[in-house]
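1. One predicted model, sequence on top.
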Amino acid sequence: MPIYTVHAPTGNGADLAATDKFTFVRDGFHFWAALAGVIWLAWNRLWLALIGWLVLTFVIDFALAKLGVARGAILLVDLVLMLLLGFEAASLQRWTLSRRKWRQLDIVVADDEEAAERRFFDRWTARHRGVVNNQGSVDRGAPPPTRNVQGQPFSKAPPLPQGGIIGLFPEPGGSR
């Protein structure tokens, strides 16, 4: 089963209002990172990792070419680097989040990301019950109390003002 780490920004605090910013990072091999590393790094906005990947690849390829290594061996080294990126993609995501001052909240084991979210939020809300003042989830019971105004029972409408609707339009048949 896949393992997910849950991360939250430190500036907003971990409360019910900031849950849409939580990020789930799946641990394990990332196929698309290995197959199209540059595109995957840019898509996930891992800019420093992208620059480091490009520099590392170009330096190794240039050094091997200057040493006179055959093209097949250089291709093999590039394939090994691509596999390395696929295995370390989640670590690069977590490193970028920690560099941006995000904190890791939890580790969740689940079949997919949706199940990981459900499992995490079930545990997280159980832990934070009573700590967070969430007015939207309070059972208010009976309807709100009504005012008892003298001379105006609630069973009939209040009288209209003289001279038409709020004085703007004269009543039909009346003079002004």
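-> Noted; the coordinates are in hand.
2. gap between Val59 and Phe87?
-> 21 Å (Cβ to Cβ, to the nearest Å). Bear in mind the C-beta positions are built from the backbone N, C-alpha and C, glycine included.
3. With neighbour numbers in mind, choose between these two.
-> The neighbour count for Val59 versus Phe87, taken as other Cβ atoms under 10 Å, is higher for Phe87 (13 against 10).
4. Go through the helix or strand of the chain with the lowest mean pLDDT and flag the buried ones.
-> The weakest-scoring helix or strand in the chain, judged by mean pLDDT, DSSP states H and E, is helix 113-128 (a mean of 88). Buried residues in helix 113-128, counted by 16 or more other Cβ atoms under 10 Å: 116-117, 119-120, 124.
5. for the protein, what spans make up the helices?
-> 31-35, 37-43, 47-66, 71-99, 113-128 (DSSP state H).
6. So for Phe22, which of those sits nearest?
-> helix 113-128 (8.0 Å; Cβ to Cβ).
7. Residues in contact with the closest one: which ones?
-> With Cβ atoms under 8 Å, 6 or more residues apart in numbering as the test, helix 113-128 has contacts from 2, 4, 6, 14-16, 19, 22, 24, 26, 105-106, 108-110.
8. at 6 Å what do you get?
-> 4, 6, 24, 106, 108, 110 (Cβ atoms under 6 Å, 6 or more residues apart in numbering).
9. Out of these, grab the one that's most surrounded.
-> Within those, Tyr4 tops the neighbour count with 25 neighbours, counted by other Cβ under 10 Å.
10. Thr10: which of the helices of the chain is closest?
-> helix 71-99 (10.3 Å).
11. Tell me the buried residues in the closest one?
-> Residues 74, 81-82, 85-86, 88-90, 92-94, 96-97 are the ones in helix 71-99 that count as buried (16+ other Cβ under 10 Å).
12. Turn those into a markdown table, including pLDDT.
-> Formatted as a markdown table, the buried residues of helix 71-99 follow (pLDDT from 0 to 100):
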| residue | pLDDT |
| --- | --- |
| Ile74 | 94 |
| Leu81 | 95 |
| Met82 | 96 |
| Leu85 | 96 |
| Gly86 | 96 |
| Glu88 | 95 |
| Ala89 | 95 |
| Ala90 | 95 |
| Leu92 | 95 |
| Gln93 | 95 |
| Arg94 | 94 |
| Thr96 | 93 |
| Leu97 | 92 |
